[in-house]
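Visitor: Predicted model follows, preceded by the sequence.
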Amino acid sequence: MLRRILAIAVAAASLAGAHGAHAQGGMRLPQSSAVGQMEYAALAAQGATTPSGAVVANPGAIGGVATIPARADTPLPDSAPQNNDYTANMASDAFGAQLFTGAFSRDSASVFNPSHVISVGDRIQLRIWNGYNVDTVLTVDAGGNIVLPEIGPFRVQGITNGNLQTAVGNALRRVFASKVSIYASLLAAQPVRVYVTGAVRRPGMYDGTSSDSVLRYLDQAGGIDPDRGSFLDVAIKRGNQTLEVVNLYDFLLKGDLTSRQLNNGDVIFVQSRKKTVKVSGLAENAKRFEFLGEQARLDQIVRLAKPLPEATNVRVVRNTGTVRNVEYFPISQGNQIDLRNGDEIEFTADKRPGTITVRVEGEHTGPQEYVLPYGSRMGQLLSQVHFTQESDSESIQLFRQSVKARQKTLLGTTLKSLESSVLTARSGTAEEAQLRKEEAALVLQWVERAKKIEPSGQTLIAKSTTRNDLLLENGDILRVPVKDGLVLVSGEVLFPNAVAYDKSLDLDDFIQQAGGFSQNADTSRIIIAHRDGSFSDGKKDDAVKAGDEIMVLPKVDFKTRQFAKDVFQILYQIAISAKVVLGL
């Protein structure tokens, strides 16, 4: 107990001595080895006055980036009403609404601003070392002054943050020798409370600092209400005086934003929404835009919406008056077209095809890509293709994107029909219901796999007598098969493989060459896909030619006949459109 009493007494005496030193020496600190070359170098790097009197021209924090220390802001809880506002802003079609999603209000640190004007309530950190040691924080009093050691009151109100180091250094240099190092920096801007009102989601008074931007205060209020508020007319008021009007389109499009310093009790007032037009179609900013005045020219909206390079024309829907009219103009006439409140414009591509490209793959010696005039026919292309001795020119294959899209659509429709029949099937007994449930689960899993199959888009042209008159489309792929003398055996066989063609072998022989049927094979359902794109039923026509593909389909073991019928149909559809055997 005696030891504890003595320890407390020693600590109290030390504390009293420290206070006395501050009072007598202008906040002097005991000189120690800690305030030496390392601290001097660090503070000099921050912009402190060096012993020679020079001022380093980069005032800021260690590391080259000066910041006002972070405020102790806490993030909004998930239940905060502003979170709903931020979600609604993201979904809004108003240009600029996506600014306010909580990113500005969550920012807990004010970046060093050289243009910040020192005002009452700001806190300034002052450090002096090398012969006279001071490390303290000074608050700007009501008169705009701070009390400097050995000097007394010194007016800093009105000095910009960038000039603070020079002003304080010059004042202290009148008293201290040149060997003494001096460093002064803004530690924290004055905390203020600002009113946010007008057409915002949640009007009220919000906390911040005088150096915070208008965006932070608007964000705290849930942002501008896109259905009522204006992004072109945000007024900053002090009493009855309007200090500045902020146009947020300038910030969104050009990065220009005022750095107005706010005082306690200032008002941010969002005016009512101006006239608007809605943009859709081929534009980077397909949003709803505001404009000042009763009307705007189309070229003004073009600069805001930024049409895509392929856009050539604009469709204008006039919504004013009792009659709804539609007009159509080239974008180049934008300076002659007036838009009014409520009009809708859509950017479109009105282009006539000039040329197309067709790719030629496979066994030939010519180029891979051909550029042809729009309206070219197959004969014009084939006349330019250089075949080789190994080219199978009689079995040329054509793959077309539009056919592929139709095949995909048809397959999707069939799969959807199968899903519907599986999910709506009725059962008479509990045992039958359990059986249907198990079958349905199996079918639905198979349907999901089938949806991932991509049809090839192949078109049968080899046997057509009018092949040369076929109109080519942009993106067509012409494939010239090679006479490789192979037969591909796939599907439900033990060893899917390519087998060398032998005219003495029949269908069963080729299947045996691939190991024979698997246990899941349906030996009555065999498809022979010919190289030219045609197909034949292996049980009705078992003739196999070089280049053919033999596909053995799987068994469909479903007790429900309708399920089995639908699955059989889709199996054939997939095999023909994609040359894939999809097992169950």
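Guide: Good, I have the coordinates. Only a predicted model underlies this, so the values are computations on that prediction, with no experimental measurement involved. Numbering: from 1, shown residues only.
Visitor: quick check: domain ranges of this protein?
Guide: The record's domain parsing of the chain by automatic domain parsing lists 25-62+85-189, 191-272, 275-348, 408-578.
Visitor: quick one: average pLDDT of the last one?
Guide: So that's domain 408-578. For domain 408-578, mean pLDDT rounds to 83.
Visitor: so how far is that domain off the chain centroid?
Guide: Put simply, domain 408-578 sits 41 Å off its chain's centre (C-alpha atoms, centre = their mean, to the nearest Å).
Visitor: ditto for the second one
Guide: Domain 191-272 has its average C-alpha position 27 Å from the chain's average C-alpha position, going by C-alpha atoms, centre = their mean.
Visitor: Confirm residue 536 sits in a helix?
Guide: No - under the criterion used here (DSSP: H, G, I helix; E, B strand; the rest coil), residue 536 is strand, not part of a helix.
Visitor: Spatially, what comes nearest to it if we skip its sequence neighbours?
Guide: Spatially, and ignoring its direct neighbours in sequence, residue 536 is nearest to residue 528 (4.8 Å; C-beta to C-beta, 6 or more residues apart in numbering). In this view, the C-beta of every residue, glycine as well, is placed from N, C-alpha and C.
Visitor: give me every residue that touches that neighbour.
Guide: For residue 528, the contacting residues are 507, 535-538, 541-544, 548-551, by C-beta atoms under 8 Å, 6 or more residues apart in numbering.
Visitor: Pipe those into JSON lines and attach neighbour count per row.
Guide: Shown next, in JSON lines, are the contacts of residue 528 (neighbours: other C-beta atoms under 10 Å):
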{"residue": "507", "neighbour count": "19"}
{"residue": "535", "neighbour count": "18"}
{"residue": "536", "neighbour count": "16"}
{"residue": "537", "neighbour count": "13"}
{"residue": "538", "neighbour count": "23"}
{"residue": "541", "neighbour count": "11"}
{"residue": "542", "neighbour count": "15"}
{"residue": "543", "neighbour count": "11"}
{"residue": "544", "neighbour count": "24"}
{"residue": "548", "neighbour count": "23"}
{"residue": "549", "neighbour count": "20"}
{"residue": "550", "neighbour count": "24"}
{"residue": "551", "neighbour count": "26"}
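Visitor: Residue 357 is nearest to which of the domains of the chain?
Guide: Among the domains of the chain, the nearest to residue 357 by C-beta to C-beta is domain 408-578 (6.3 Å).
Visitor: just to revisit the earlier point, turn the domains of the chain into a markdown table, including distance to residue 354.
Guide: Below are those laid out as a markdown table (distance: least, C-beta to C-beta, whole Å):
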| stretch | distance to residue 354 |
| --- | --- |
| domain 25-62+85-189 | 35 |
| domain 191-272 | 34 |
| domain 275-348 | 14 |
| domain 408-578 | 10 |
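Visitor: Of the ones you listed, which is nearest residue 376?
Guide: Among these, domain 408-578 comes nearest to residue 376, with 5.1 Å by C-beta to C-beta.
Visitor: Kindly indicate which of the contacts of residue 528 lies nearest residue 391.
Guide: The nearest member of the contacts of residue 528 to residue 391, counting by C-beta to C-beta, is residue 548 at 17.5 Å.
Visitor: ok, so what distance separates the closest one from residue 536?
Guide: To residue 536, residue 548 is 9 Å away according to C-beta to C-beta, to the nearest Å.
Visitor: which neighbours do the two share?
Guide: With C-beta under 8 Å, 6+ apart as the test, residue 548 and residue 536 both reach 528, 530.
Visitor: Below-threshold pLDDT in this protein: ranges please.
Guide: Low-confidence segments of the chain, defined by pLDDT under 70: 1-79, 107-113, 115, 425, 427-428, 432, 557-564, 568, 572, 582-584.
Visitor: how about the helices of it, start to end?
Guide: Assigned by DSSP state H, the helices in the chain fall at 2-24, 37-45, 81-91, 161-173, 214-220, 248-254, 298-305, 378-382, 401-423, 430-451, 507-513, 561-578.
Visitor: Serialize those to TSV and add fields for distance to residue 521.
Guide: Rendered in TSV, the data for the helices of the chain read as follows (distance: least, C-beta to C-beta, whole Å):
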stretch	distance to residue 521
helix 2-24	92
helix 37-45	80
helix 81-91	53
helix 161-173	83
helix 214-220	66
helix 248-254	64
helix 298-305	60
helix 378-382	39
helix 401-423	22
helix 430-451	17
helix 507-513	9
helix 561-578	13
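Visitor: With respect to burial, which of the ones you listed scores highest?
Guide: helix 214-220 (a mean of 24; mean count of other C-beta atoms under 10 Å).
Visitor: Can you name the residues bridging to residue 326?
Guide: residue 317 (DSSP bridges).
Visitor: The one 4 residues further on now?
Guide: Taking DSSP bridges as the rule, residue 330 bridges to residue 313.
Visitor: For it, give its distance to residue 351.
Guide: 12 Å.
Visitor: List the residues that are in contact with both of the two.
Guide: residue 312.
Visitor: residues near the nearest residue to residue 316 once chain neighbours are set aside, how many?
Guide: Nearest non-adjacent residue to residue 316, counting by C-beta to C-beta, 6+ apart: residue 327, 4.5 Å away. Using other C-beta atoms under 10 Å, residue 327 is surrounded by 12 other residues.
Visitor: ok, now residue 354?
Guide: 8.
Visitor: residue contacts, the residue nearest to it when sequence neighbours are not counted?
Guide: Distances taken as C-beta to C-beta, 6+ apart place residue 374 nearest to residue 354, at 6.0 Å, with adjacent residues excluded. Residues counted as contacts of residue 374 (C-beta under 8 Å, 6+ apart) are 353, 354, 355, 356, 474.
Visitor: Which one of these is nearest to residue 231?
Guide: Set against residue 231, the nearest of these by C-beta to C-beta is residue 353 (40.7 Å).
Visitor: Verify the stated contact: that closest one with residue 474.
Guide: Yes - Residue 353 lies in contact with residue 474 (C-beta atoms under 8 Å); the separation is 7.2 Å.
Visitor: If you count surrounding residues, which of the two has more?
Guide: For residue 353 and residue 474, the more surrounded residue by other C-beta under 10 Å is residue 474, and the numbers stand at 13 against 10.
Visitor: ok, now which ones touch the more buried one?
Guide: 353, 356, 357, 358, 374.
Visitor: picking that back up, hmm, residue 333 and the residue nearest to residue 316 touching each other?
Guide: No - when contacts are counted by C-beta under 8 Å, residue 327 is not listed as touching residue 333 (10.8 Å).
Visitor: picking that back up, mind checking how far the residue nearest to residue 536 is from residue 567?
Guide: According to C-beta to C-beta, residue 528 stands 21 Å off from residue 567.
Visitor: What of residue 513?
Guide: The span separating residue 513 from residue 567 equals 29 Å under the rule C-beta to C-beta.
Visitor: can you pull the contacts of the closest residue in space to residue 577 that isn't next to it in sequence?
Guide: The shortest distance from residue 577 to any non-neighbouring residue, by C-beta to C-beta, 6+ apart, is to residue 455 (3.9 Å). By C-beta under 8 Å, 6+ apart, residue 455 lies in contact with 404, 407, 408, 411, 577, 578.
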